[in-house]
Every structure is written in structure tokens, then in C-alpha cells.
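# need a structure here:
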Amino acid sequence: MKFSIIIPVFNRPDEIQDLLTSLLSQTYRDFEVIIVEDGSEVTCEAVVSRFSKNFSIRYFFQENSGQGFARNFGMSQASGDFFVILDSDVVLPPMYLEVLALEIKNRSLDAFGGPDRSGEDFSPLQKAMDFAMTSFWTTGGIRGKLKDPSKYQARGFNMGVSKQVFEQTKGFLDPNRGEDIEWSLRIKKSGFRLELVEEAYVFHKRKNTLLNFMKQSFSFGQNRVNVSRFHPGAIQLIHLLPLFFLLFLISIAFAFFLWPQLFYAQLLIFGLWSLGVLVGALIQYRSLLVMGLSWICAVLQLSGYGAGLLYELSVKAIKG
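Here you go, the predicted structure:
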């Protein structure tokens, strides 16, 4: 099986350097790399050229169209049997492609989604963001661990499809608004087998500030509503939990003035949730700094997602 690794890039040459360097260590060698520069002002062409002697790599530049359409273009140029789509801010462990090839063969997969993790060399904030995105206390763990891997909805930072899937489904329909989840749902509805491959994880660097992390969480909430325009059943109870969390936080302030007994009960509930986050982060990372930052990121992630969901649902209701 030959892999075509599709990487859209926008003004991030340093990240591409790290990702391509990790490809040098892959134990599975039958692959090509396709870089699609999506209208960047700071291009990575010089970085890409340094790796041309190490493996098959091609570089394309196009006017900015969004990461979804940049991936489509990359897949249209690919010669492999299976297309692996990665974000530019990930790094691969050495066994990534070997594990993936084995799982695709053993499980007869047409498509897959893989989880993300934090590396040991990540900053405390990066580790905290990773915890907020993957913890049971925030996302319910659905981003990277499921009892039923067939229920997974692949994310564009680490996903892949066979050539047949791309040719039949025509790839992404939206440039950057939950386009990966929409395609995942459409792939399954087309009768193809898409599952979580938990062992095919990537290290996801997420070079965000706390403000940008909250903005990203807000956009994730908006994106879920956008996906529901294509797939009416896309919003499920678990996706509404961040909205309930946000409303719960707002209600605490009102309860303080209007209903003191309820206020103390709410504080107890919030305290127990906070304790779960703090203890979980401390056990995972054994760092007080990461523990504290994880709590902040968890609050921002849930409230940001909930606010984005509420905003976009309101817009959808107004527009009909």
C-alpha cells in the first residue's frame, strides 16, 4: 500500500520543518508527500526543497481557498492508494505509518481518524490545551477513545481515506467550518467503513495563546451547527453539554443574588467538577503548573464551545 500524505499549509514554514523531519524516521517507507501552500505570504517552499532527496515530495502553491479545498487539490494530485491528511502543526511518531497500514489491512478500513497527544517536550500550556481537548472532564474522551471505533468522526489534523472514497465522495464540501466532521458523516452514509485507529496518534503542538484557544473553541461550536446544515442529526446531546456548562456558570452569578441555597449547591457541583479536572491533569502530567493551566483551558474550552454553539444556533433560527 502506498500512502499519499496531504498537508495544507498557511504561513507556517517552521511547523512544516518539524513535520517533515518526523517523516524521515518512519519505519514504513512507501509514501509520497504533497504540500499545498494555500495562499501563504510566508511560504515553505525552501523548507520542502531540503527534503527532496529523502523521499518523494511535491510542492504546490494556490490562491487562498481554505484548508478543505486545499486538501481536495492535494488529493487530486496524489498517486497513492490511501490518502493521509495531516495538519502542519503535528509531528508523527516513528511507527505511525506502519501501524496505520496494519490496521487498515486487518480491519478492512476505507477511511480512518486518529487521535492526538502532547509530546514530552511540549510547553505546559500546550499540554494543558491537549488535556482540555481530550479529557473525560471536557470532551468526554470522544476525541481519541471510544468503545465503538465506528462511531468516531475523523478530524482533519489526522485522518485518511482510500482513493476510492475520495473519488466517489469528492472530498470536502466546505473550506474550513467543520468540513472534516461533515465529510466523515458523508463517508459513512456512502457505505464506507471509517473507524478510529487509536494507535495512529500524532503529537499536536497547538501554538495558541489562551485567547486564541478560546476563539478556536468558539469556532468549533459554530462549526458543529454548520455541519448540521448538511446532516440534521449532527448535533447530539454530548455536543450540547458545553452549552449547559456555560448556562450553568451564568446561573451561578444570578443565584448568588436571588437564591443563596441554590448558589451553594451550584458551587459544590462546580467544585467537584474542578477537582476532577485538577486531579486528572495532575495524575497525567505530574505538574502543578500544567494542572492549573488545564483547569483554565477546560473552562475556556467548554464555555467557548458552548458560546459558539449558542451563537450559531441563534443565527440559524433567525435565518430559518
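# Please count neighbours and contacts with C-alpha atoms only from this point.
Noted.
# Just grab the bridge partners of the nearest residue to residue 31 once chain neighbours are set aside for me.
Spatial nearest neighbour of residue 31, chain neighbours left out: residue 3 (4.5 Å); criterion: CA to CA, 6 or more residues apart in numbering. Note on residue 3: beta-bridge partners by DSSP bridges are residue 31, residue 82.
# Would you confirm that residue 3 contacts residue 82?
Yes: between residue 3 and residue 82 there is a contact under CA atoms under 8 Å: 5.0 Å.
# All the helices of the stretch 151-300 of the chain, in order from the start?
Using DSSP state H, counting those that start in this stretch, the helices of the stretch 151-300 of the chain run over 163-169, 179-189, 210-230, 237-258, 260-285, 288-319.
# Buried residues, the second one. List them.
Pointing back at helix 179-189 there. 179, 180, 181, 182, 183, 184, 185, 186, 187, 188 (16 or more other CA atoms under 10 Å).
# can you check the fourth one too?
For helix 237-258, a neighbour-count test (16+ other CA under 10 Å) marks 239, 241, 242, 243, 245, 246, 249, 252, 255 as buried.
# tell me which strands and helices it is in contact with?
When contacts are defined as 3 or more CA pairs under 8 Å, 6 or more residues apart in numbering; DSSP states H and E, helix 237-258 sits against helix 260-285, helix 288-319.
# how about those in CSV, adding distance to residue 86?
Listed next are those as CSV, based on distance: least, CA to CA, whole Å:
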stretch, distance to residue 86
helix 260-285, 26
helix 288-319, 23
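# Those: which one's closest to residue 228?
Comparison of these against residue 228 by CA to CA identifies helix 288-319 as nearest, at 10.0 Å.
# got the angle between the closest one and helix 210-230?
Put simply, helix 288-319 runs at 40 degrees to helix 210-230, going by axes from the mean of the first three to the mean of the last three CA atoms, to 10 degrees.
# follow-up on the earlier one: between all of the buried residues of helix 179-189, which two are separated the most?
Farthest-apart pair in these is 179 and 188; separation 14.4 Å (CA to CA).
# So residue 36: helix, strand or coil?
Classification of residue 36 by DSSP: H, G, I helix; E, B strand; the rest coil places it in strand.
# do the same with residue 85
Secondary structure, three-state DSSP: residue 85 is strand.
# just use 21 as the starting number from now, easier for me
Shifting the count to begin at 21 puts that one at residue 105.
# Could you double-check that it sits in contact with residue 26?
Yes: between residue 105 and residue 26 there is a contact at 4.8 Å, judged by CA under 8 Å.
# Compare the two and say which one has the larger neighbour count.
Each of residue 105 and residue 26 has its neighbours counted (other CA atoms under 10 Å); residue 26 has more, 26 against 23.
# Would you pull up how far the helix or strand encompassing the more buried one lies from the middle of the chain?
Per DSSP states H and E, residue 26 falls inside strand 23-29. When C-alpha coordinates are averaged (CA atoms, centre = their mean, to the nearest Å), strand 23-29 and its chain have centres 16 Å apart.
# Touching it from outside, list them.
When contacts are defined by CA atoms under 8 Å, 6 or more residues apart in numbering, strand 23-29 is touched by residues 36, 50-58, 60, 87, 90-91, 94-95, 98-108.
# What residues sit buried inside whichever helix or strand comes after it?
For strand 23-29, the following helix or strand on the C-terminal side (DSSP H and E) is helix 33-43. Under the neighbour-count criterion of 16+ other CA under 10 Å, helix 33-43 has 33, 35, 36, 37, 39, 40, 42, 43 buried.
# nearest spatial neighbour of the last one, skipping sequence neighbours?
Looking back up the chat, that one is residue 43. Nearest to residue 43 is residue 112, by CA to CA, 6+ apart, at 6.9 Å.
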